[in-house]
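Trainee: Quick one, what's the 3D model for this:
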Amino acid sequence: MDLFEANTHSFIIKIWREEVSADTDQATWRGHITHVPGGERRYLIGLGDLSTFIIPYIEEMGVKLALWWRVRQWLNRRNLH
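Mentor: The predicted model follows:
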């Protein structure tokens with residue numbers, strides 16, 4: 001495996017719009033994302049879940065995220081518990 005491949009992650013993302021709320025005129029997004037090399041899959045209940053899934057792989061590569069990304073991730077984790 002060359003250096004490029006060692007620092008590369010591939011994902012398959014499938015998203016769809018389920019419905020539009022008559023009250024808010026907002027669409028509900030659903031889908032799933034799969035990490036190709038590891039086969040891990042997560043079902044999505046919103047588009048924000050995409051970054052929640054991908055960020056740990058980016059951090060594993062040694063990328064230090066901006067403060068606002070780290071705060072957002074921390075808040076997302078707190079909301080899950």
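
Trainee: Tell me the confidence at Ala6?
Mentor: Predicted confidence (pLDDT) at Ala6: the value is 67.

Trainee: again, but for Lys14
Mentor: According to the prediction, Lys14 has pLDDT 97.

Trainee: for Glu18, same thing?
Mentor: For Glu18, the pLDDT comes out at 85.

Trainee: Quick check: which element contains it?
Mentor: Following DSSP states H and E, one finds Glu18 within strand 11-20.

Trainee: Quick check: neighbours of that strand in the sheet, parallel or antiparallel?
Mentor: Using DSSP bridges, strand 11-20 pairs in its sheet with strand 27-35 (antiparallel).

Trainee: Identify the residue nearest the geometric centre of this structure.
Mentor: For the chain, Leu50 is the residue whose C-alpha lies nearest the centre (CA atoms, centre = their mean; 2.1 Å).

Trainee: And the pLDDT for Pro37?
Mentor: In this model, Pro37 is scored at 91, pLDDT.

Trainee: The protein: helices as residue ranges?
Mentor: Applying DSSP state H to the chain gives helices spanning 3-6, 48-60, 67-80.
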